[in-house]
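K.L.:
make a model of this:
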Amino acid sequence: MAAAEALLYSPPAGWASLMAAVLLLSGVQLVILGIVGEYLGRLYLTANGKPQSVVKEVRRSQPVLTKARSSVGR
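P.N.:
Below you'll find the model as predicted:
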């Protein structure tokens with residue numbers, strides 16, 4: 001019976017604007033929470049001296065000769 005009443009009667013006045021405001025403010029709150037979490041994560045990595053990313057492999061089209069390598073052959 002309650003389901004039929006919920007579908008047949010119109011919602012109270014101001015319900016749509018209230019839901020829009022709640023959803024908007026909830027979204028803003030989640031964005032701010034994400035920014036704070038990102039800041040704390042980077043702060044943690046910096047405090048521990050860990051890099052934010054690690055280079056797995058460096059690919060070059062031509063070999064790079066350094067002074068140490070060129071003087072070893074002589």
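
K.L.:
counting contacts, what elements does the biggest helix by length in the chain pack onto?
P.N.:
When the chain is parsed with DSSP state H, its longest helix is helix 15-48. The contact analysis (3 or more Cβ pairs under 8 Å, 6 or more residues apart in numbering; DSSP states H and E) places helix 15-48 against no helix or strand. To be clear about C-beta, it is placed using only N, CA and C from the backbone, and glycine gets the same treatment.

K.L.:
by mean pLDDT, which helix or strand of this protein comes out lowest?
P.N.:
helix 67-72 (a mean of 57; mean pLDDT, DSSP states H and E).

K.L.:
measure how far the longest helix of the chain is from the centre of its chain, please.
P.N.:
10 Å (Cα atoms, centre = their mean, to the nearest Å).

K.L.:
now it: mean pLDDT?
P.N.:
Across helix 15-48, pLDDT averages out at 95.

K.L.:
enumerate the positions of it that are buried.
P.N.:
Residues of helix 15-48 include none that count as buried (16 or more other Cβ atoms under 10 Å).

K.L.:
for Val22, see how far away Ser10 is.
P.N.:
19 Å (Cβ to Cβ, to the nearest Å).

K.L.:
ok, Ser53 next?
P.N.:
Where Val22 is concerned, Ser53 sits at a distance of 38 Å (Cβ to Cβ).

K.L.:
before we move on, what about Trp15?
P.N.:
Taken as Cβ to Cβ, the span from Trp15 to Val22 is 11 Å.

K.L.:
can you check Leu45 too?
P.N.:
In terms of Cβ to Cβ, Leu45 sits 35 Å off from Val22.

K.L.:
one more: Leu43?
P.N.:
Leu43 is 31 Å from Val22, by Cβ to Cβ.

K.L.:
kindly report the same for Arg60.
P.N.:
Distance from Arg60 to Val22, by Cβ to Cβ: 55 Å.

K.L.:
what's around Pro63, how many residues?
P.N.:
6 (other Cβ atoms under 10 Å).

K.L.:
what strand or helix carries it?
P.N.:
Using DSSP states H and E, Pro63 sits in no helix or strand.

K.L.:
now do Leu7
P.N.:
Judged by DSSP H and E, Leu7 forms part of helix 2-8.
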